[in-house]
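> sequence below, structure please.
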Amino acid sequence: MQSLLKFIQKYSNFLVFINLEVVAFLLLASYNEYPKSSFFSTANQIVAFNYQVGNTISSYFQLKSANEALENENVALRNQISVLQNQLEKSAEQSDYTYSHLDYTYIPAKVIQLTTNKHNNYLTINKGRRDSVYQGMGIRNAEGVVGIVSTVGEKFSLVIPVINTNSHISCKFTKNGYYGTIEWDGVNCKYAQLVDVASHISVEPGDTIVTSGLSPVFPAEIPIAIVESAVLKEGASYYTIQVRLNTDFRKIEYVQLINNHRFNELKELTDETD
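Here you go, the predicted model:
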């Protein structure tokens, strides 16, 4: 208390001056229209700015829940599309057998850990055995193929993404239906290699690569990559092809697990033939 009194006593002249300035300003704003309007205009701008800052901060913290709601909505729509496709395919006559007519549904999940700078990268998602996740389950996002579930825990699962040197994804060209395999050389997480493409096939930069539908992991026609370059060396039987991946693994956050309801049945048949 004594310190406060000493401070007021020491700076009393200055404090009186400040108070007089404030009173003079208020009187000027009250009895003169132009200063008065300027004062309130400035005050309104300050209040509006504060509201804008508040809304921006509020929107930032609400963004997470908005993204999750949007992802859940996307999954619901994709499930509806899957049901309609199944109904159409079951009613249509198919001359060639493929896995494209199998029953698929989708489960939303969030990526909680990932790597992009290793030869054997991985993802960890927040869904596990209690959410009906199983080993070998395909994963995609809004951009395209992400990877395949390798290990399943009770609440979490480990995923081998396309950018893993052990990943091999069956694919095809949309323009002609020729098949190939997407592999990764461990160099750049934006690019992969398309292998097993014979020399007699026409390949050009810009060609679209999608899932083949030849395995129960992924339905057909899910985007994977775009051909970046295709080189056919003299006398070679196969192309050397580099593709740009659709999925940006450095920005990936939400994914969708592809639940094939006949996966176990097909796996058992495959195991019996091995």
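
> so what does Phe249 have for phi and psi?
Per-residue torsions, Phe249: phi -70, psi -20 (degrees, to the nearest 10).

> got the contact list for it?
Leu114, Thr116, Asn121, Pro161, Val162, Ile163, Cys189 (CB atoms under 8 Å, 6 or more residues apart in numbering). Bear in mind the C-beta positions are built from the backbone N, C-alpha and C, glycine included.

> let's see 6 Å
Thr116, Ile163, Cys189 (CB atoms under 6 Å, 6 or more residues apart in numbering).

> same thing with Tyr239?
Val197, Val203, Ala230, Leu232.

> make CSV from those and add pLDDT, secondary structure and neighbour count to it.
Converted to CSV, the contacts of Tyr239 look like this (pLDDT from 0 to 100; DSSP: H, G, I helix; E, B strand; the rest coil; neighbours: other CB atoms under 10 Å):
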residue, pLDDT, secondary structure, neighbour count
Val197, 96, coil, 21
Val203, 96, coil, 21
Ala230, 96, strand, 18
Leu232, 94, coil, 16
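
> show residues contacting stretch 144-151.
Against stretch 144-151 from outside (CB under 6 Å, 6+ apart): 135, 137-140, 157-162, 217, 222-224, 246-247, 255.

> one more: stretch 165-172?
With CB under 6 Å, 6+ apart, stretch 165-172 has contacts from 119, 160, 179-184, 186, 209, 211-212, 214-215, 224.

> just the buried members of those?
Neighbour-count burial (16 or more other CB atoms under 10 Å) applied to those gives Ile160, Gly180, Ile182, Glu183, Trp184, Ile209, Thr211, Ser212, Ser215, Ile224.

> which one of the residues you listed sits closest to Tyr238?
Gly180 (9.4 Å; CB to CB).
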